[in-house]
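Trainee: Next one to model:
(one chain, ligands or ions: 2)
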Amino acid sequence: MTQPEKPPIEIPQDFGHAPLDGGEESHGAQHPHHHPQPYIAFEHVYKAFGDNVVLDDVSFDVMPGEVLCILGRSGVGKSVSLQHIVGFLKPDKGHIKIAGEDITGYDDKQMQTIRRKVTMVFQNGALFDSLSVRENVAFPLRERGELREDQIQQIVTGLLEMVGVDEELAEDLPSELSTGMKRSVAIARALAAQPEAILYDEPTTMVDPLIARLLGDLILKLKRQLKLTSIVVTHDMRFAQRLADRVLFLHQGKAHFFGTMDEMKHSNDEVLRQFLELDQLILPGA
Ligand SMILES: Nc1ncnc2c1ncn2[C@@H]1O[C@H](COP(=O)(O)OP(=O)(O)O)[C@@H](O)[C@H]1O
Ligand SMILES: [Mg+2]
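Mentor: Ligands and ions are numbered 1, 2, ... in the order given. Predicted coordinates for the structure are as follows:
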């Protein structure tokens, strides 16, 4: 398929990545001078639902600006892991750190501050049905209450352009959009909150390969242009291969593998081999 590459979109100058030290609180730990600190870290996290042990001593980290892909069979705890990062779930044991803060014991109010830095893009987009595309994206900007209407409109236009949603669709309701477009709008809305990190739960499920490619392009663009830290949960190996700086493979409650995609592909581990072969990344005899 030959889709001409659109030139990279310039985002409005005044809509830069919020400086870490520009926030309301300033924790000294946020600005490491020597060794960069992980932006997100799981330290020996345990989580069970009754007898169902989902995370059993899981540790991993994501460096600032890095894309981590979380892989693993269905039901292995990928979504549960993301829900721990935004505080919808709390670990039974272990610690979760974000931007240098240990959020493990944070209450809902403290988590609101974290959720401004780390936003989740849900599979269904979780858009407001009764608001137009434009108003959905404008929503987080209006919530800030400090921008003029013309600034809001300018930023919304820039964000829709950035995620590849045609201006013509701006007045449509979410129900009028394709699945892929809904996801792009959801990403635009997430960006409007000026996060430092975005979590994507299975962004390519139920979209055709071309849209999957465009979503991948977009995630990479956000990494390069906005230096966003990302976690992408996916079962799509090709997608992961394009995006991932590092890969976390969950299996039977464990971080079975945590490393680069190259290391994963060349691993002789039986569980990984099976997973890779199932995904036809490595064809038998190839
Ligand atoms: N809120 C919950 N209450 C009880 N069990 C849950 C809850 N959320 C997830 N689970 C269970 O945790 C396991 C992992 O789920 P999930 O993280 O959604 O898997 P996936 O890797 O497919 O995203 C599953 O067995 C699921 O049934
Ligand atoms: Mg899931």
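Trainee: Quick check: phi and psi at the nearest residue to Lys78 once chain neighbours are set aside.
Mentor: What sits nearest to Lys78 in space, not counting adjacent residues and going by Cβ to Cβ, 6 or more residues apart in numbering, is Val233, at 4.4 Å. Bear in mind the C-beta positions are built from the backbone N, C-alpha and C, glycine included. Main-chain dihedrals, Val233, degrees, to the nearest 10: phi -80, psi 130.
Trainee: Wait, Val233 touches Ser74, no?
Mentor: No - the pair Val233 / Ser74 is not scored as a contact, 11.1 Å apart, by Cβ atoms under 8 Å.
Trainee: More neighbours: the two, which one.
Mentor: Using other Cβ atoms under 10 Å, the more surrounded residue of Val233 and Ser74 is Val233, with 23 against 8.
Trainee: Any idea what the more buried one is bridged to?
Mentor: On the basis of DSSP bridges, Val233 is bridged to Ile70, Asp201.
Trainee: In contact with it, which residues are there?
Mentor: For Val233, the contacting residues are Cys69, Ile70, Lys78, Ser79, Ser81, Leu82, Leu199, Tyr200, Asp201, Glu202, by Cβ atoms under 8 Å, 6 or more residues apart in numbering.
Trainee: what's the most distant pair in those?
Mentor: Farthest-apart pair in the contacts of Val233 is Cys69 and Ser79; separation 14.0 Å (Cβ to Cβ).
Trainee: Looking at the two, which one has more neighbours?
Mentor: More neighbours surround Cys69 than the other of Cys69 and Ser79, with 26 against 21 (other Cβ under 10 Å).
Trainee: from what I can see that one touches Thr234, true?
Mentor: Yes - using Cβ under 8 Å, Cys69 is in contact with Thr234, at 5.9 Å.
Trainee: Mutual contacts of those two, please.
Mentor: Ala240.
Trainee: Count the residues that sit near Gly50.
Mentor: 5.
Trainee: where does it fall, phi/psi-wise?
Mentor: phi 60, psi -120.
Trainee: How confident was the prediction at it?
Mentor: Note for Gly50: predicted pLDDT of 97.
Trainee: quick one: it from ligand 2, how far?
Mentor: Gly50 is 19 Å from ligand 2, where distance means Cβ to the ion, to the nearest Å.
Trainee: thought Leu220 was touching Ala244?
Mentor: No - proximity of Leu220 to Ala244 does not meet the contact threshold set by Cβ under 8 Å, at 10.7 Å.
Trainee: the more surrounded of these two?
Mentor: Shown here are Leu220 and Ala244; by other Cβ under 10 Å, Ala244 has more neighbours (23 against 14).
Trainee: for the residue of the stretch 51-200 of the chain found nearest ligand 2, what are its contacts?
Mentor: Closest to ligand 2 within the stretch 51-200 of the chain is Ser79: 3.2 Å, counting by Cβ to the ion. Contact analysis of Ser79 by Cβ under 8 Å, 6+ apart lists Asp201, Val233.
Trainee: Going forward, count from 46.
Mentor: Got it, the first residue is 46 from now on, which makes the last one we talked about Ser124.
Trainee: Does it lie in a helix or a strand, and which?
Mentor: Assigned by DSSP states H and E, Ser124 belongs to helix 123-130.
Trainee: what's the average pLDDT for that helix?
Mentor: Computed over helix 123-130, the average pLDDT equals 97.
Trainee: what's the spacing between the very next helix or strand once past it and its chain's center?
Mentor: Elements were assigned by DSSP H and E; along the chain past helix 123-130, the next helix or strand is strand 138-143. With Cα atoms, centre = their mean, to the nearest Å as the basis, strand 138-143 stands 18 Å off its chain's centre.
Trainee: What strands flank the next helix or strand after strand 138-143, and is each parallel or antiparallel?
Mentor: Per DSSP H and E, the first helix or strand lying C-terminal to strand 138-143 is strand 146-147. Note on strand 146-147: by DSSP bridges, its sheet partners are strand 138-143 (antiparallel).
Trainee: Right, I'll call it a day here.
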